[in-house]
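In: I need the structure of the sequence given here:
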Amino acid sequence: SGSSSSSSSSSQQQPQRQALPTRCKVGLLTSQDRDDWADGRQMLLDALGDGFRRDLERLESGAILLNLDDECPVSRRECGEMCWTGGAASGHNRWFDKSIQVCVSNNGKGGFLGEHSMMDGMPCVRYADYITGVTYAEAKRRSSLLYGGVNNVNGVNNDVHGGINGDMNGGNAASRVTALFEDLDGISSSLSPSIPSTSTPPVAAHTSAQLTSLMDKAEDSFRDLIDRHSLHVQSFHGYGSAWMKRNGFSPDAFVQAAMQVGAYRLFGEMVGTYEATQVRRFLHGRTETTRTVSLSMESFVKMMGPRAKLAQMDAARGMALEQALKTAVQDHNRYMRNAAVGQ
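Out: Model (predicted):
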């Protein structure tokens, strides 16, 4: 909704961007390259002192960040964009340094965003499977047991936020929920004397201008980055992993082969490709690279050709392609097994 589009009419005006409070823009700084974000982080610490440092430590200390978005995505593409970047609508409501971010929209759609330096694919999949495997009824039951919260069995608390607003561990949890980065509003108030400043210590005008410029730049470059990418979601219902297994194929290797055929038909050549293999059996092990493009994979892909040739398909060609695919899949599985044991 926030991306711009070209038009042949010079009189058409783009919708005016809604101004974000300064404290909301700090999340956009984490979308920048590491040098810019490191500089901005230090500038904020120097300018805003202990208050900002405490807020930052509170945010960075959490294992999981829950992002509650105002938007209401419907399609899979819209949900994918919400989880991928947050988009123009919710990108500021992210902290891209965080290893695990769970994103929930106003209409109940949910998703997961992982930061790769501390998180690999398989733990992410396992975590997502666990979340989706818990029913609403079970979540409600656990919440009631832990916090006396959601639609409490005694009917005392019917507030969906009961786990926050109710009594938890002998005290009112709401009193311990802190609005982070309120001191950042002092940046804007340094430039707008009519707005009372809450910043501690007060932000000098030149520093305030630097920080405001830094955040505006982050917002512009973030929007430019997401505008230069597009996401398309394709749901294939022809067959799935059960069919692949019945026919003797590893689903993972089968899909890797399909990706190679697709890339070859799109670009006209095969390029270096790897798949991550888990090596968690080793102390501190994470992943090893398994090269997808093998001699047998190349043979299968080139037999498939740069375009579909259904008119030339006969029983003999079909059997030859099936055998070539099985050989490529078997080789890929062997490479995966070897990589998993460090060979």
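In: does Cys70 count as helix, strand or coil?
Out: That one is not Cys; residue 70 is Asp. Three-state assignment for Asp70 (DSSP: H, G, I helix; E, B strand; the rest coil): coil.
In: Val102 touches Gly62, doesn't it?
Out: No. The pair Val102 and Gly62 does not pass the contact test of CB atoms under 8 Å, sitting 11.4 Å apart. Glycine gets a C-beta too; all of them are placed from N, C-alpha and C.
In: the more surrounded of these two?
Out: Higher neighbour count among Val102 and Gly62: Val102, with 17 against 12, using other CB atoms under 10 Å.
In: just give me the residue closest to the centre of this structure.
Out: Nearest to the geometric centre of the chain sits Leu113, at 2.7 Å (CA atoms, centre = their mean).
In: please name the bridge partners of that one.
Out: Counting by DSSP bridges, Leu113 is bridged to Gln101.
In: let me see the contact set for it.
Out: Going by CB atoms under 8 Å, 6 or more residues apart in numbering, Leu113 touches 83-84, 94, 100-103.
In: what's the closest non-adjacent residue to Met304?
Out: Distance criterion CB to CB, 6 or more residues apart in numbering; nearest residue to Met304, sequence neighbours excluded, is Val261 at 5.0 Å.
In: so, low pLDDT: which residues of the stretch 151-300 of the chain?
Out: 151-178, 182-183, 185-206 (pLDDT under 70).
In: you'd agree Glu288 is in a helix?
Out: No. Counting by three-state DSSP, one finds Glu288 to be strand, located in no helix.
In: do you know how far the residue nearest to it when sequence neighbours are not counted is from Gln256?
Out: Closest residue to Glu288 apart from its sequence neighbours, by CB to CB, 6+ apart: Ala339 at 4.3 Å. Ala339 sits at a distance of 13 Å from Gln256 (criterion: CB to CB, to the nearest Å).
In: what of Leu225?
Out: The gap separating Leu225 from Gln256 is 29 Å, by CB to CB.
In: which one's more surrounded, those two?
Out: Neighbours per residue (other CB under 10 Å) separate Leu225 from Gln256, with Gln256 holding more: 20 against 13.
In: that one touches Arg291, doesn't it?
Out: No. The pair Gln256 / Arg291 is not scored as a contact, 10.6 Å apart, by CB under 8 Å.
In: thinking again about what came up before, pull out the buried positions in the helix or strand hosting the residue nearest to Glu288.
Out: Using DSSP states H and E, the element containing Ala339 is helix 315-340. For helix 315-340, the neighbour count (16 or more other CB atoms under 10 Å) marks 324-329, 331-332, 335-336, 339-340 as buried.
In: what's it packed up against?
Out: helix 251-267, strand 274-278, strand 287-291, helix 295-304 (3 or more CB pairs under 8 Å, 6 or more residues apart in numbering; DSSP states H and E).
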